[in-house]
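> Here's a sequence, model it:
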Amino acid sequence: MQILRSLWLFIQDQVLGMKWLNVLIGDLLSLLGVDTASRLGGSIQFFVYDVVKITVLLCFLIFVISYIQSYFPPERSKRILGRFHGIGANIISALLGTVTPFCSCSSIPLFIGFTSAGLPLGVTFSLLISSPMVDLGSLILLMSIFGAKVAIIYVVVGLVIAVLGGTLIEKLHMEPYVEEFIRNAGGVDIESPTLTKRERVQYAKEQVVDTFKKVFPYILVGVGIGAVIHNWIPESWIEAVLGGNNPFGVVLATLVGIPMYADIFGTIPVAEALLYKGAQLGTILSFMMAVTTLSLPSLIMPSSSLMMVSCIRRGE
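Below you'll find the model as predicted:
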């Protein structure tokens, strides 16, 4: 048992967390005359380490997830969901959301296709909620930073929210409020042709390049904010605002996260810095979910036909 625990800690710290990389970057910066013990030097080390680590993990995970995703074209996903009913359909839909792309805009074509195909609105919303908030990539990256327990808690809570949100929408009978063009958009959901393994690999490579271009700016911004929080903002400030002594910490973190728009990979470095400074875990998870799922663009896109059409025409 002790051997397995030691092996898991090695995988978490050195393989996923790449702590060896942090030491290497610190040594290299020291050779260049940068004092990593100072605020500025520590910020530089934090920034370089997190950018490189997240970039490496991101590219690897996008490739694996995209390869898996190639087996789930819209038509096949629709058939899978059509076999289930009630809350079971919401659960399967939320789980399918974990293998879809990384943002709400990318999930909207699936939402339109499923809705126009006659699937229950609540089922499609479970996928739309889970897709930007929970995916296989975020699970691995969260494990590399926060550990397995926190990562599993985040994913489970995200899936529960997706299932409950979809179920609530279905119980409220919101179908009449869906735009007419969405209900009639029969041409969105088209069966993907059968791909060879080589074509799937090529598709995964293209997704790595395309997604990296979209996500990397958010990584730079997120890591930059995290570096400032990590080395420049006093711990007492974070504890006072987002610590356990503030009963409104969760609400405040959620409200702060809503105006922001970032991918989960750009949000994690900020969450990492907040946790290091003493913010409560529940508060941090609320912030992450608000940024990735409740951001203003994510709220606007599902209700705006122009935004939806734009996403579809761009092929996202």
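> starting at the chain centroid, how far to stretch 41-58?
18 Å (C-alpha atoms, centre = their mean, to the nearest Å).
> Sorry, slip of the keys, the one I care about is stretch 230-248.
24 Å.
> So what would you say the end-to-end distance of it is?
Length of stretch 230-248, first residue to last, C-alpha to C-alpha, to the nearest Å: 22 Å.
> the longest helix in the chain is where?
Assignment by DSSP state H gives helix 197-231 as the longest helix of the chain.
> Residue 28: how many residues sit nearby?
13 (other C-beta atoms under 10 Å). For the C-beta atoms, the positions are set from N, CA and C on the backbone; glycine is no exception.
> ok, then the element right after the strand or helix carrying it?
Using DSSP states H and E, residue 28 sits within helix 19-31. Using DSSP H and E, the helix or strand that follows helix 19-31 in sequence is helix 39-69.
> Can you give the distance of that next one from its chain's centre?
Using C-alpha atoms, centre = their mean, the offset of helix 39-69 from its chain centre is 14 Å.
> Quick check: buried residues in that helix?
41-55, 57-58, 61-63, 65-67, 69 (16 or more other C-beta atoms under 10 Å).
> What of stretch 266-277?
266-275, 277.
> Give me the contact list for that stretch.
46, 50, 54, 138, 141-142, 145-146, 215, 218-219, 221-223, 225-227, 229-230, 233, 235, 238-239, 242, 281, 283-285, 287-288, 291-292 (C-beta atoms under 8 Å, 6 or more residues apart in numbering).
> CA atoms only: put that stretch into PDB for me.
C-alpha atoms of stretch 266-277 as PDB (Å, rounded to 0.1, in the frame of the first residue of the first chain):
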ATOM      1  CA  GLY A 266      -6.400  30.000 -18.000                       C
ATOM      2  CA  THR A 267      -8.500  30.000 -14.700                       C
ATOM      3  CA  ILE A 268      -6.500  27.200 -13.000                       C
ATOM      4  CA  PRO A 269      -3.300  29.300 -12.400                       C
ATOM      5  CA  VAL A 270      -5.400  32.000 -10.700                       C
ATOM      6  CA  ALA A 271      -7.100  29.400  -8.500                       C
ATOM      7  CA  GLU A 272      -3.700  27.900  -7.700                       C
ATOM      8  CA  ALA A 273      -2.400  31.300  -6.400                       C
ATOM      9  CA  LEU A 274      -5.600  32.000  -4.400                       C
ATOM     10  CA  LEU A 275      -5.400  28.600  -2.700                       C
ATOM     11  CA  TYR A 276      -1.700  29.200  -1.900                       C
ATOM     12  CA  LYS A 277      -2.700  32.600  -0.300                       C
END
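> avg pLDDT for it?
For stretch 266-277, mean pLDDT is 82.
> Could you find the closest non-adjacent residue to the most centrally placed residue in the chain?
Most central in the chain under C-alpha atoms, centre = their mean is residue 264, positioned 3.5 Å from the mean C-alpha point. Using C-beta to C-beta, 6 or more residues apart in numbering and skipping residues adjacent in sequence, the residue nearest residue 264 is residue 138, 4.5 Å away.
> list the contacts for that neighbour?
So residue 138 contacts 154-155, 264-265, 268 (C-beta under 8 Å, 6+ apart).
> Of all pairs in those residues, which one spans the longest distance?
155 and 265 (14.9 Å; C-beta to C-beta).
> Looking at the two, which one has more neighbours?
residue 265 (27 against 20).
> So which residues of the stretch 101-250 of the chain form helices?
104-116, 121-133, 136-146, 148-171, 180-183, 197-231, 235-242, 249-257 (DSSP state H, counting those that start in this stretch).
> helices or strands up against the longest helix of the chain?
Secondary-structure packing of helix 197-231 (3 or more C-beta pairs under 8 Å, 6 or more residues apart in numbering; DSSP states H and E): helix 39-69, helix 264-276.
> Can you name the next helix or strand after the shortest one?
Spelled out, that is helix 264-276. helix 281-293.
> Can you give me the buried ones in that following helix?
Applying 16+ other C-beta under 10 Å to helix 281-293 flags 281, 283-293 as buried.
> residues contacting the residue nearest to residue 200 when sequence neighbours are not counted?
Using C-beta to C-beta, 6+ apart and skipping residues adjacent in sequence, the residue nearest residue 200 is residue 70, 4.5 Å away. For residue 70, the contact set (C-beta under 8 Å, 6+ apart) comprises 192, 195, 200, 203-204.
> among the residues you listed, which two are most distant?
Most distant of the contacts of residue 70, by C-beta to C-beta, are 192 and 204, 14.1 Å apart.
> Please identify which of those two sits among more neighbours.
residue 204 (18 against 13).
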